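**Q** can't give you the sequence, but here's the structure:
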């Protein structure tokens, strides 16, 4: 049975993946004695029983081919560089390739150059919410009502905030962002990067729906995705739907 | 160590046999401000014989640490040094099609008060051996900084079989957009 002790109080059990501890037999306490090698002999990596036999491997683990699928023992012994987050992404259109996001074509990605220069300007949003790389969260409405922890960048600008009626994300510091929400008002939303590449999305992708544009930083790229929530939900319900719990800004100045 | 003036060039591999690569470091100081302030960002553009980027993606900066061809890598500058940014070049891994590597800094074109080089002081570029010992240094002159939004600090370039460095100090009033236009970059 799944142990949920580590998820106590969390809204995001589906985002949390437990790493099962391997049985003791799969990781002998003394690999040197098990293989007759000196523990400091780095001439060739020792293959663990789990990899060598392919028997005790998690059948759902697709990170490396199993012996049963024709991989050679030599290939298994060759240490491989773990794939970067960007390399593990499935293909998606780049920002500028799609003119409009729909329920069917809901995703575009900003490449590392688009995701690192200037501002991402989102029009047509009634509110934004952010989660920083340090997991602090906050939100602001187009009317400047604010809750949670603001993220101030080195250039004395908030990482994400409204300027006039547009939401502005500072891409020079996008690495301080983990994810963000842009909640549509009534009309369409647009998201435009520095060089003018952009995409539009309707404020509602279906009857009784409201669009929420999510921005997720994945390594050096930024993914924009159009999601839908019931149109009558308030911002609090939308934050909860996306597993946002606003943190208290202890270090923030009093307002 | 040699100090350069704008427009001058200096041999690297010809004067330093066995030099396998260099560390190009850039630094500056920004006048503090209580409001939004200029944020300089270093960039290197990998160019072909026509002086333009080999492909629109051939640049390195903080969010794209290397290029497909390799040989040029954006690195964290050690905190022990005054340098703000550091870019490493390994000559043997730079593709033969690359004729020069341009080093510049631009003011990030943020919507809220992007600023200019007017608040920037003591900008420099220096070229050092991989062990950190300095070969060349160019202190970028301060002129018309309040109008400039991007600055070419210098460039490494091939000269026959060797690599040389040229000090530039040329400003762009139209900032990164002008740089992208001149070098054919896709941003």
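**A** Sure thing, it's come through. The shown structure was predicted, so the numbers you read here are calculated from the model rather than taken from an experiment.
**Q** Skip the chain neighbours and tell me the closest residue to residue B:181.
**A** residue B:174 (7.9 Å; CB to CB, 6 or more residues apart in numbering or on different chains). All C-beta atoms are positioned from the backbone trio N, CA, C, and that covers glycine.
**Q** How many residues are close by residue A:182?
**A** By the measure other CB atoms under 10 Å in any protein chain shown, the count of residues near residue A:182 is 26.
**Q** Any regions of the chain where pLDDT drops low?
**A** Going with chain A. Chain A contains residues with pLDDT under 70 at A:1-79, A:249-255.
**Q** To clarify, I was referring to chain B.
**A** Scanning chain B for pLDDT under 70 picks out B:80.
**Q** Strands of that one, residue ranges please.
**A** Using DSSP state E, the strands assigned to chain B run over residues B:2-4, B:9-11, B:21-30, B:40-47, B:59-60, B:72-75, B:85-90, B:100-107, B:120-128, B:134-139, B:150-159, B:162-172.
**Q** Let me have those in JSON lines, adding mean neighbour count and distance to residue A:88 as columns.
**A** Shown next, in JSON lines, are the strands of chain B (neighbours: other CB atoms under 10 Å in any protein chain shown; distance: least, CB to CB, whole Å):
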{"stretch": "strand B:2-4", "mean neighbour count": "16", "distance to residue A:88": "44"}
{"stretch": "strand B:9-11", "mean neighbour count": "15", "distance to residue A:88": "44"}
{"stretch": "strand B:21-30", "mean neighbour count": "22", "distance to residue A:88": "31"}
{"stretch": "strand B:40-47", "mean neighbour count": "25", "distance to residue A:88": "26"}
{"stretch": "strand B:59-60", "mean neighbour count": "25", "distance to residue A:88": "22"}
{"stretch": "strand B:72-75", "mean neighbour count": "20", "distance to residue A:88": "22"}
{"stretch": "strand B:85-90", "mean neighbour count": "21", "distance to residue A:88": "26"}
{"stretch": "strand B:100-107", "mean neighbour count": "24", "distance to residue A:88": "30"}
{"stretch": "strand B:120-128", "mean neighbour count": "21", "distance to residue A:88": "36"}
{"stretch": "strand B:134-139", "mean neighbour count": "18", "distance to residue A:88": "40"}
{"stretch": "strand B:150-159", "mean neighbour count": "22", "distance to residue A:88": "34"}
{"stretch": "strand B:162-172", "mean neighbour count": "20", "distance to residue A:88": "36"}
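**Q** export these to JSON lines and tack on distance to chain A?
**A** Converted to JSON lines, those look like this (distance: least, CB to the nearest CB, whole Å):
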{"stretch": "strand B:2-4", "distance to chain A": "29"}
{"stretch": "strand B:9-11", "distance to chain A": "29"}
{"stretch": "strand B:21-30", "distance to chain A": "9"}
{"stretch": "strand B:40-47", "distance to chain A": "7"}
{"stretch": "strand B:59-60", "distance to chain A": "7"}
{"stretch": "strand B:72-75", "distance to chain A": "11"}
{"stretch": "strand B:85-90", "distance to chain A": "13"}
{"stretch": "strand B:100-107", "distance to chain A": "9"}
{"stretch": "strand B:120-128", "distance to chain A": "13"}
{"stretch": "strand B:134-139", "distance to chain A": "24"}
{"stretch": "strand B:150-159", "distance to chain A": "12"}
{"stretch": "strand B:162-172", "distance to chain A": "14"}
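**Q** Figure out which of the ones you listed is closest to residue A:159.
**A** Among those, the nearest to residue A:159 by CB to CB is strand B:40-47 (16.2 Å).
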